[in-house]
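Undergrad: Please find the sequence and the predicted model below.
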Amino acid sequence: MWWYVAKRLLQAIPVFLGATLIIFFLTKLRPGDPILGLTGNKPVSPEVRQALRDQFHLNDFVGLQWLYFLKDVVTFNPNFVGLDGQPVFEKIGNALPVTGTLALLALAMDAVIGIVVGTIAGLRRNGWFDSVTLVISLILLSIPIFVVGFVLQFLFGVKWGVFAATVPVDWKITDLLLPAFVLAIANIATTTRLTRTSVANNMTADHVRTARAKGLAGPVVIRNHVLRNSLVPVVTYIGINLGSLMAGAIITEGIFNVQGIGNLAFGAVSRGDTPLTVAVVSVMVMLYVFMSLIVDLLYAVLDPRIRYA
Amino acid sequence: MTEAPLLEIKDLRVGFRTDKKKILTAVDGANLSIYPGQTIAIVGESGSGKSTLAHAVIDLLPGSGHVMGGEILFEGHDISHADRKAVLALRGSSIGLVPQDPMSNLNPLWKVGRQIKEALVANNVATGDAADKRVVELLEEAGLPDAERRARQYPHEFSGGMRQRALIAMGLAARPKLLIADEPTSALDVTVQKQILDHLDQLTDTLGVAVMLITHDLGLAAERADHLVVMYRGRVVESGPAQEILQDPEHPYTKRLVSKAPSLASQRLSSVRAREEVREQAVQTAAEIAEEVAQSESEFGEGRDDIIVVENLTKFFTLRGAKPWQKVDFAAVDDVSFSLRRGTTTAIVGESGSGKSTVARMVLDLLPPSSGRVLFDGRDVSELRSKAERLKLRRQMQPVFQNPYASLDPLYSIYQSIEEPLRTHDVGTKKERETRVRDLLDKVSLPTTVMSRYPGELSGGQRQRVAIARALALEPEVVICDEAVSALDVLVQAQILELLNDLQAELGLSYLFITHDLAVVRQIADNVVVMQDGKVVESATVAEVFDNPQKDYTRKLLDAIPGASIELGA
């Protein structure tokens, strides 16, 4: 298995190089002058402009700029700064904890609510609970995240004051509960449907009938022979979700004013700050690669038939 | 017998709700009794209600199935109307089940030992370490060598036969008085089937367990049970002592079963004579075709007597070794040579894993051989370079595969399925192709009304006829049947074999017939190649193989044909 892990980690290198290269070129294609963005659209004298362009290697060929970027990233250069002159690593380091916590909270809500509701629906397929769940999950899936976000923010944050409407810079976990739920909503609906189908399929599996024929009581059959078998595909799905949760965080963080990775990326893109944009997106890409490795390993733990070599 | 019956089924009716109002009756007024220690066999084709009957006894009917009337008396108590708790108490401890498909009936995520232990714990036989010990004993008892290590393994580390042994251990774990064996071996090779059934016989004899054996194979039923119950369309049409039913069947369905089941028919001289007639005619027709081929310029091939010659065919597959960077070569097919004469049938026989299907794929030019060559009518198949020549080869050689459920595209109508090869090879106009499809359906005895239907609407036998029609669409000279009848009910098997024989006589076809079941070989083949572990063990005519087998392995295969020891009338 360690051979497999090593292979997968080695594969992360070309993924990193490819992703940064593509994003680097894409940000360069973006219209607008980064220097103007930097000075807040005030006119800049040609000398200053020239000095700034030299400092950020903006006069060099794009591929060369990418190599400069790579050098800074690989050596973890603490003086590696974005166009605004602030150190990139420090900024990411400050933003990562809040987004990470947000995503993990959302993931936990997704797993707990999705699996519990989905299992009940699957065990009583076509019953009233199943039908109600189906309708609710379809509604949740079809409403855009920013609508749900603003509505819940207004209801819980402003009108009833249960949660803080926005997340302060010195956040506590309780401040993140509402944003995490908003972030998780679409995933919860999908996880519920997936769990429900998986449980319902497993209920009619041959080995479940055999387990009943052995004389096992109903609850034991469900616990030992239905639930674990049903969770194999669900866990895979939930794990991969962490990536989409990080991406979805851009909107949620905007709504609740969370000073996280999403906000950072949004600001960097709108300013045309290539080094910061590429650095932030690379972090997301690496997290995604890492999560899918964890999910694949978890898959082997859950299902003994899977062997990696 | 003066004893009270262990299980008595009286006028049982079981139905499935298909709609709000509609009910499909699967078992319609069945009666039978089983006495302690007795083995009875329920025989019938798929859909006859035999499995439904068995599942009704342990209250495990799938989906909307329910008992609509009648009684199921176990030791005098009606269990069809008993409450859940009472039935739960019977399951495992009084009535055990050995299910049909060993591949799907073990939970893939739990160790085998643990799954058997569950049965012990649930029925209060043993717990903890005592249960672990008992599990090993049970596995040993079921004939699994190295039981202690095996108990700690997962189902996917077991072969089919081993899994079935584990399921037998599970069914007998709590020492039930009645064991329901639902087609326990129909998914296994014949030799493994024999071993397992022998063992099950011996075990239930020693333990005094009554057995309800459910099977579609009359030969097997007669060999294993003293009492037969024949079911047809939900009804028990005949029941009585096995010998009596075989010698003197009364119901027309039983009569057909007795005369047609390949395992029984293969012993009859009449089937040998019938085959000889087919062959004579086929060889003659084939010779005429060969002459045409030899003279024509455009036809593929030279018109030789041996249409397919396989020389020293070998195939290596590269497998992962013990270390991740190591590779191991595995010889799936090892130096195989044989030939197929025009208008005759050569059967390749062997157990699963013997390499017979790999040979078929290489002959079809779907898999490149590692070494050796395949000659089709004098031309080396692997040396065909141009696309046109390859297409010509494909026209001359068509396959029919084992599983008619999987080999037809479910989204293609029957017409589209049969017409597709014609379209691919640009044969005729649209009109002509339609006429051709009608002809083909007529040849395989299907009504032209099936043209607009889809595979899902047809039975297994009908689908296999469609697959045969599709194979014949391009007027091939060779048809390669890879387990073409193995997935079918015995009577349907007999019909398809007859159809293949008729077509051979009429069209002068040559068949390469791949099967694990020697029983069907006698009705269709002229020469037999017996394979084991990728090698040819014995290669001779059918008569020589059946009457005077040279190798132990061949003898083992012959012995495994169920019902081989039964005396029959002419």
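TA: Right, received. Where do you want to start? Numbers count the residues shown, from 1 in each chain, chains lettered A, B, ... in the order given.

Undergrad: Nearest to chain B within the stretch 51-200 of chain A, name that residue for me.
TA: Residue nearest to chain B within the stretch 51-200 of chain A: residue A:125 (10.7 Å; CB to the nearest CB). In this view, the C-beta of every residue, glycine as well, is placed from N, C-alpha and C.

Undergrad: count of neighbours near that residue?
TA: 16 (other CB atoms under 10 Å in any protein chain shown).

Undergrad: What separation is there between it and residue A:131?
TA: Shown here: residue A:125 relative to residue A:131, a distance of 10 Å by CB to CB, to the nearest Å.

Undergrad: tell me the phi and psi of whichever residue of the stretch 151-300 of chain A sits closest to chain B?
TA: When scored by CB to the nearest CB, the stretch 151-300 of chain A has residue A:215 as its residue closest to chain B, at 2.6 Å. The phi and psi torsions at residue A:215 (degrees, to the nearest 10) take the values phi 110, psi 10.

Undergrad: If you drop the residues flanking it in sequence, what lies closest to it?
TA: Taking CB to CB, 6 or more residues apart in numbering or on different chains as the measure, residue A:215 lies nearest to residue B:92, with 2.6 Å between them; neighbours along the chain are not counted.

Undergrad: related to what we said a few turns ago, the residue of the stretch 51-200 of chain A closest to chain B reaches residue A:200, doesn't it?
TA: Yes. Look at residue A:125 against residue A:200 with CB atoms under 8 Å: they come within range, at 4.7 Å.

Undergrad: any common contacting residues for these two?
TA: Common neighbours of residue A:125 and residue A:200, using CB atoms under 8 Å, 6 or more residues apart in numbering or on different chains, do not exist here.

Undergrad: element containing residue 280, please.
TA: I'll assume chain A. Using DSSP states H and E, residue A:280 falls within helix A:274-302.

Undergrad: Chain B, not that one
TA: Following DSSP H and E, one finds residue B:280 within helix B:269-295.

Undergrad: so what does that helix touch, helix or strand wise?
TA: Using 3 or more CB pairs under 8 Å, 6 or more residues apart in numbering or on different chains; DSSP states H and E as the contact test, the elements touching helix B:269-295 are helix B:490-507, helix B:518-524.

Undergrad: Output the shortest one as CSV, restricted to C-alpha atoms.
TA: What it means is helix B:518-524. Below are the C-alpha coordinates for helix B:518-524, written out as CSV (Å, rounded to 0.1, in the frame of the first residue of the first chain):
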residue,chain,number,x,y,z
LEU,B,518,-19.8,-32.9,-21.1
ALA,B,519,-23.5,-33.8,-21.0
VAL,B,520,-24.3,-31.6,-23.9
VAL,B,521,-21.3,-32.6,-25.9
ARG,B,522,-22.7,-36.0,-27.1
GLN,B,523,-25.7,-34.4,-28.8
ILE,B,524,-23.7,-31.8,-30.8
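
Undergrad: Break chain A down into its structural domains.
TA: Residue ranges for the domains of chain A, per automatic domain parsing: A:2-74, A:95-302.

Undergrad: what's the burial count for residue B:445?
TA: By other CB under 10 Å, neighbour count at residue B:445 equals 13.

Undergrad: which ones are touching it?
TA: In this structure, residue B:445 makes contact with B:465, B:499, judged by CB under 8 Å, 6+ apart.

Undergrad: Check residue B:462 too.
TA: Under the contact definition (CB under 8 Å, 6+ apart), the residues listed for residue B:462 are B:446, B:450.

Undergrad: again, only using 10 Å
TA: Residues in contact with residue B:462, defined by CB atoms under 10 Å, 6 or more residues apart in numbering or on different chains, are B:404, B:414, B:444-447, B:450, B:453, B:455, B:492.

Undergrad: Could you report the separation of it from residue B:506?
TA: If you go by CB to CB, the gap between residue B:462 and residue B:506 works out to 20 Å.

Undergrad: Chain A: strands as residue ranges?
TA: Along chain A, no stretch is classed among the strands by DSSP state E.

Undergrad: since we're on the residue in the stretch 1-150 of chain A that chain B sits nearest to, how many residues are nearby?
TA: The minimum distance from the stretch 1-150 of chain A to chain B, using CB to the nearest CB, falls at residue A:3 (4.1 Å). With neighbours defined by other CB under 10 Å, the count for residue A:3 comes to 12.

Undergrad: How about the one 4 residues further on?
TA: Residue A:7 sits with 12 neighbouring residues when counted by other CB under 10 Å.

Undergrad: repeat for residue B:376
TA: Counted with other CB under 10 Å, residues neighbouring residue B:376 total 24.

Undergrad: For it, give me the pLDDT.
TA: pLDDT recorded at residue B:376 is 88.

Undergrad: and it, what does it touch?
TA: Under the criterion of CB under 10 Å, 6+ apart, the contact partners of residue B:376 comprise B:300-302, B:304, B:307-309, B:340, B:363, B:365, B:384, B:392-393, B:396-397, B:477-478.

Undergrad: ok, now which ones touch the residue located most distally from the centre of chain A?
TA: Distance from the centre of chain A peaks at residue A:215, with 44.6 Å (CA atoms, centre = their mean). When contacts are counted by CB under 10 Å, 6+ apart, residue A:215 touches B:58, B:87-97, B:118-125, B:173-174, B:176.

Undergrad: please redo it, this time with the cut-off set to 8 Å
TA: Counting by CB under 8 Å, 6+ apart, the residues that residue A:215 touches are B:88-89, B:91-93, B:119, B:122-123, B:174.

Undergrad: How far does the helix holding residue B:280 sit from its chain's centre?
TA: 28 Å (CA atoms, centre = their mean, to the nearest Å).

Undergrad: Please identify the buried residues of that helix?
TA: By 16 or more other CB atoms under 10 Å in any protein chain shown, the buried positions in helix B:269-295 come out as B:271, B:275, B:278-279, B:281-283, B:285-286, B:289-290, B:293.

Undergrad: got the residues of the stretch 151-300 of chain A near chain B?
TA: Within the stretch 151-300 of chain A, the residues that sit near chain B (CB under 8 Å from any CB of the partner chain) are A:204-207, A:209-217, A:220, A:224-225, A:228-229, A:232.

Undergrad: Quick one, which of the residues you listed are buried?
TA: Buried residues within those, counting neighbours by 16+ other CB under 10 Å: A:205-207, A:209-216, A:220, A:224-225, A:229, A:232.

Undergrad: Please identify which pair of these lies farthest apart.
TA: A:215 and A:232 (26.0 Å; CB to CB).

Undergrad: what sits against residue 119?
TA: Since no chain was named, I'll use chain A. Contacts of residue A:119 by CB under 8 Å, 6+ apart are A:195-196, A:199, A:227, A:230.

Undergrad: oops, I was thinking of chain B
TA: Shown here is residue B:119, whose contacts under the criterion CB under 8 Å, 6+ apart are A:214-216, B:92, B:125, B:170, B:173-174.

Undergrad: again, only this time at 6 Å
TA: With CB atoms under 6 Å, 6 or more residues apart in numbering or on different chains as the criterion, the residues that contact residue B:119 are A:214, B:92, B:170, B:173.

Undergrad: Restricted to strands, list the residues you listed.
TA: With DSSP E as the criterion, strands contain none of the contacts of residue B:119.

Undergrad: Take these and keep only those in helices.
TA: Assignment to helices by DSSP state H places the following of the contacts of residue B:119 there: residue B:170.
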